[in-house]
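Student: please work out how this folds:
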Amino acid sequence: MTLVAFSILFAAALGGYILNRMAADRIRKGGARLHSLSGFHGMYSALVVGLPGLFLLTIWLILQGPVSENLMMSGLPDGVLDGLDAGKIALIRSEITQIANGNVFGTPDPWKIEAAERLISLNAAGDRLMVVSVALLVLAGLVYARSRVSSEFRARHGVEAIILGLMVGCSGMAVVTTAGIVFSLIYESWAFFELIPLQDFLFGLNWEPQIAIRADQVAGAGAFGVIPVFLGTLVIMTVALVIAVPIGLFAAIYLNEFAAARTRNIVKPLLEILSGIPTIVYGFFAILTVAPFLREMAAGAGLTISPNTALAGGGVMAIMLIPFISSFTDDALAAVPQSLRDGSLALGATRGETMLKVLFPAAIPGIVGGVLLAVSRAIGETMIVVMAAGLIAKLTINPLDSVTTVTVQIVTLLIGDTEFDNPKTLAAFALGMLLFVITLGINILALRIVRKYRELYD
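Tutor: Below is the predicted model of the structure:
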């Protein structure tokens, strides 16, 4: 039914465009002068028909499932939910939904089967009502848009107003989403700091969040010192950037200034392929190739090395970051005005001196943007660290030791069937909030650097 609704919506929008354009053409051929081109009249109809229908369809698909399930739960026999907590009620809801989807395990109770049949009928009725509602709405839009076609109607202004409203709405949605994320982080972090003192979190040297969640569970008391986690993040990020930044910069400088056109056309696409490789592939490469190689090298040198190391994770992460730095640097160098390059060469400077003293300083804003993107990728990477660097937080800066990162710990803390009222789970939000603040500080610092050099070379 969803496909039928989308088909009706698409056909109506296309039909509205054609009808209004033809109507506008007839008015123009009749000798009247249109305020707007015929295409704007057609586009106005397509927007008036398509956007409200698409909005209704999206909201309907979001709400139909929860509404049908709530109606189904309200029709359950009396007494079946008496004395059950929210978790068990949610489990019953999920079981009935699975039965309705055809996933039957064991022999369900008869009342669950009846509830599943009722849920199926509710969903079917909702689908039919959705199709009818979309059809009526697009029909009303077609009639309204067709009635607006006239020589005086400012169709272009109407199209621009609708598109402007759409862009403002999308921008507002982005702002609201960002505000919601920040609010959720602050709210959950506040709940965490009501259980764990802030000073213990910020200055603690031990990270062991595996505490007992149930009364019958055996676990430690829990320690939530974040320094080992952020130190591991810093070590892996440093290893990755120390390798990736020089290679990326030199590769971009060579391709931009010294490489032949044929070499550039071959090497640059091959280099950028690295940015499209899934991170899980990098993780397998790290654990199957790089980590054993490092262990063999360390054994030959008489050094002790962990099976999972920050060097392996950071080194493989550097391979992933090279295309970002190289591409941004190359684009920044290419954007430098040709007059600066020609003026430097005309004064007798070599190509190397021109690159070092003229082009590179002028391209600093773009280069900083590329390095900043690489830093963000390094901080936010998870799979490579999980597979190559480890899960245990250690207070060490030794790249040959096993470490972990903030993002890995966030994933680890939120895995499993845990409730959002214990320090173990809430610690993930505290980590996210602290990571958000640090990333914001890095962005502000980068903007200041970019603005400084842009003022010098604009």
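Student: okay, the spatially most central residue of the chain and residue 192: tell me how far apart.
Tutor: With distances taken as Cα atoms, centre = their mean, residue 380 lies nearest the centre of the chain, 10.7 Å away. From residue 380 across to residue 192, the span is 21 Å (Cβ to Cβ, to the nearest Å). All C-beta atoms are positioned from the backbone trio N, CA, C, and that covers glycine.
Student: and after the helix or strand containing residue 165, which helix or strand comes next?
Tutor: Using DSSP states H and E, residue 165 maps to helix 155-195. Using DSSP H and E, the helix or strand that follows helix 155-195 in sequence is helix 198-203.
Student: residues contacting the next helix or strand after that next one, please?
Tutor: Next helix or strand after helix 198-203 toward the C-terminus (DSSP H and E): strand 207-208. Residues from elsewhere that reach strand 207-208 (Cβ atoms under 8 Å, 6 or more residues apart in numbering): 220, 222, 223, 224, 225, 226, 227, 228, 229, 393, 409.
Student: drop anything exposed from these.
Tutor: 222, 223, 224, 225, 226, 227, 228, 229, 393, 409 (16 or more other Cβ atoms under 10 Å).
Student: CSV for those, including distance to residue 156?
Tutor: Putting those into CSV (distance: Cβ to Cβ, whole Å) gives the following:
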residue, distance to residue 156
222, 64
223, 65
224, 60
225, 62
226, 56
227, 60
228, 61
229, 56
393, 60
409, 54
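Student: check which helices and strands the strand or helix carrying residue 318 sits against.
Tutor: Assessed by DSSP H and E, residue 318 sits inside helix 310-334. Under the contact criterion of 3 or more Cβ pairs under 8 Å, 6 or more residues apart in numbering; DSSP states H and E, helix 310-334 touches helix 227-253, helix 261-273, helix 279-285, helix 291-300, helix 364-380, helix 383-388.
Student: redo these as JSON lines? Include mean pLDDT and distance to residue 78.
Tutor: Compiled in JSON lines, those are given as follows (pLDDT from 0 to 100; distance: least, Cβ to Cβ, whole Å):
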{"stretch": "helix 227-253", "mean pLDDT": "89", "distance to residue 78": "51"}
{"stretch": "helix 261-273", "mean pLDDT": "84", "distance to residue 78": "63"}
{"stretch": "helix 279-285", "mean pLDDT": "86", "distance to residue 78": "50"}
{"stretch": "helix 291-300", "mean pLDDT": "83", "distance to residue 78": "61"}
{"stretch": "helix 364-380", "mean pLDDT": "81", "distance to residue 78": "51"}
{"stretch": "helix 383-388", "mean pLDDT": "79", "distance to residue 78": "49"}
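Student: out of those helices, which gets nearest to residue 11?
Tutor: Nearest to residue 11, of all the helices and strands packed on helix 310-334, is helix 261-273, at 40.1 Å by Cβ to Cβ.
Student: quick one: the closest one to helix 310-334, angle?
Tutor: The directions of helix 261-273 and helix 310-334 differ by 140 degrees, with axes from the mean of the first three to the mean of the last three Cα atoms, to 10 degrees as the criterion.
Student: list the buried ones in helix 261-273?
Tutor: For helix 261-273, the neighbour count (16+ other Cβ under 10 Å) marks 268, 271 as buried.
Student: got it, and stretch 181-196?
Tutor: Neighbour counts using 16+ other Cβ under 10 Å place 185, 188, 189, 191, 192, 193, 196 of stretch 181-196 among the buried residues.
Student: pLDDT weak spots in this structure?
Tutor: Within the chain, the stretches with pLDDT under 70 are 31, 80, 83, 87, 106, 210-222, 416-421, 453-458.
Student: re the thing from before, in TSV: the helices and strands packed on helix 310-334, plus distance to residue 71.
Tutor: TSV is the format used below for the helices and strands packed on helix 310-334 (distance: least, Cβ to Cβ, whole Å):
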stretch	distance to residue 71
helix 227-253	45
helix 261-273	51
helix 279-285	41
helix 291-300	54
helix 364-380	41
helix 383-388	41
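Student: any idea which of those helices is most buried?
Tutor: Most buried of the helices and strands packed on helix 310-334, by mean neighbour count (mean count of other Cβ atoms under 10 Å): helix 383-388, with a mean of 26.
Student: list the contacts for the closest residue to residue 1 other than its chain neighbours?
Tutor: Closest residue to residue 1 apart from its sequence neighbours, by Cβ to Cβ, 6 or more residues apart in numbering: residue 127 at 3.5 Å. Residues near residue 127 by Cβ under 8 Å, 6+ apart: 1, 2, 64.
Student: how close does residue 127 get to residue 134?
Tutor: From residue 127 to residue 134 the distance is 11 Å (Cβ to Cβ).
Student: what do you get for residue 349?
Tutor: Taking Cβ to Cβ, one finds residue 349 at 67 Å from residue 134.
Student: comparing those two, which shows the higher neighbour count?
Tutor: Legend: neighbour count by other Cβ atoms under 10 Å for residue 349 and residue 134, higher for residue 134 (22 against 16).
Student: wait, that one sits on residue 11?
Tutor: No: look at residue 134 against residue 11 with Cβ atoms under 8 Å: they stay out of range, at 11.2 Å.
Student: from residue 440, how far out is residue 433?
Tutor: Going from residue 433 to residue 440 by Cβ to Cβ gives 11 Å.
Student: and for residue 257?
Tutor: Taking Cβ to Cβ as the measure, residue 257 falls 35 Å from residue 440.
Student: then residue 6?
Tutor: Taken as Cβ to Cβ, the span from residue 6 to residue 440 is 40 Å.
Student: list the contacts for residue 241?
Tutor: By Cβ under 8 Å, 6+ apart, residue 241 lies in contact with 318, 321, 371, 374, 375, 378.
Student: follow-up on the earlier one: output the contacting helices and strands for the helix holding residue 165.
Tutor: helix 38-74, helix 423-457.
Student: nearest residue to the residue nearest to the centre of the chain other than its sequence neighbours?
Tutor: Take residue 380 and drop its neighbours on the chain: the residue closest to it by Cβ to Cβ, 6+ apart is residue 407, 5.7 Å away.
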